[in-house]
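K.L.:
After the sequence you'll find the predicted model.
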Amino acid sequence: MPAHRVTVLVGSLRRESLNRKMARALAGLVPDRLALDEVPIRDLPHYDADLDADPPAPWVAFRDRVRPADAVLFVTPEYNRSVPGVLKNAIDVGSRPYGKSVWSGKPGAVISVSPGAIGGFGANHHLRQSLVFLDVPVLQQPEAYVGGAAKLFDEQGRLASDATREFMTKFLNAFADWIALTGRR
């Protein structure tokens, strides 16, 4: 069976983002059952319902790239106990116009990454609230709140901690199982 196609959305725009590093490190750990595709969100114009009749080209390209995915993985920092505005905007762009959401029915998972001790717990749970409304069945266990992230990567951007590599491998395998269980093929 071919690998499940997984759209990866990184909620940080910074080039040296810890979340981007995590998303890239996952590519080296991903089981053969998954194919990760990071979809950029930097250039998405803000969602504005007035533009739905003639959507901007970046919206169309984003929706067209996400729509064929089998699942979605969110890798996000925490800003003010929630997700960054750019990630929320991407979610809104993909969910509209009403009735044509690119998210509906796609299994999802959330990894929150933070230099802080609680690993973006607030962002992780706030995002899950939106995903319930968007009909994205979210992997419940294991949860991935990655704290102390500033010390997790080596100079090449790989995970330097054996324990973190093992946990993220377990997480990715659980996500692959979740997609097989809940996904539409």
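P.N.:
The structure has been received and is ready for your questions.
K.L.:
I'd like to know the beta-bridge partner residues of the residue most central in space within the chain.
P.N.:
For the chain, Phe74 is the residue whose C-alpha lies nearest the centre (Cα atoms, centre = their mean; 1.3 Å). Beta-bridge pairing for Phe74 (DSSP bridges): Leu9, Val110.
K.L.:
That one: what's it in contact with?
P.N.:
Contacts for Phe74 (Cβ atoms under 8 Å, 6 or more residues apart in numbering) come out as Leu9, Gly11, Leu87, Gly108, Ala109, Val110, Ile111, Leu127. All C-beta spots, glycine's among them, are computed from the backbone N, C-alpha and C.
K.L.:
Quick one: which of the residues you listed is the most crowded by neighbours?
P.N.:
Gly11 (30 neighbours; other Cβ atoms under 10 Å).
K.L.:
right, and that one touches Asn89 too?
P.N.:
No - in this structure Gly11 lies outside contact range of Asn89 using Cβ atoms under 8 Å: 10.3 Å.
K.L.:
quick one, strands of this protein?
P.N.:
4-10, 34-38, 71-76, 108-113, 144-146 (DSSP state E).
K.L.:
now for those strands, which one comes closest to Tyr47?
P.N.:
strand 4-10 (14.7 Å; Cβ to Cβ).
K.L.:
and the residue located most distally from the centre of the chain, how far is that from Arg96?
P.N.:
Using Cα atoms, centre = their mean, the residue of the chain lying farthest from its centre is Ala53. It sits 27.5 Å away. To Arg96, Ala53 is 12 Å away according to Cβ to Cβ, to the nearest Å.
K.L.:
Would you mind measuring from the residue farthest from the centre of the chain to Ser95?
P.N.:
For Ala53, the distance to Ser95 - Cβ to Cβ - is 17 Å.
K.L.:
Can you read off the pLDDT for Arg185?
P.N.:
Looking at Arg185, its pLDDT is 48.
K.L.:
What ranges in the protein fall below the confidence cut-off?
P.N.:
Applying pLDDT under 70 to the chain flags the ranges 1, 184-185.
K.L.:
Helices along that one, start to end?
P.N.:
Applying DSSP state H to the chain gives helices spanning 18-27, 57-66, 85-95, 121-133, 162-182.
K.L.:
Save the ones you listed as a markdown table, and put in distance to Leu36 too.
P.N.:
Converted to a markdown table, the helices of the chain look like this (distance: least, Cβ to Cβ, whole Å):
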| stretch | distance to Leu36 |
| --- | --- |
| helix 18-27 | 6 |
| helix 57-66 | 13 |
| helix 85-95 | 16 |
| helix 121-133 | 18 |
| helix 162-182 | 9 |
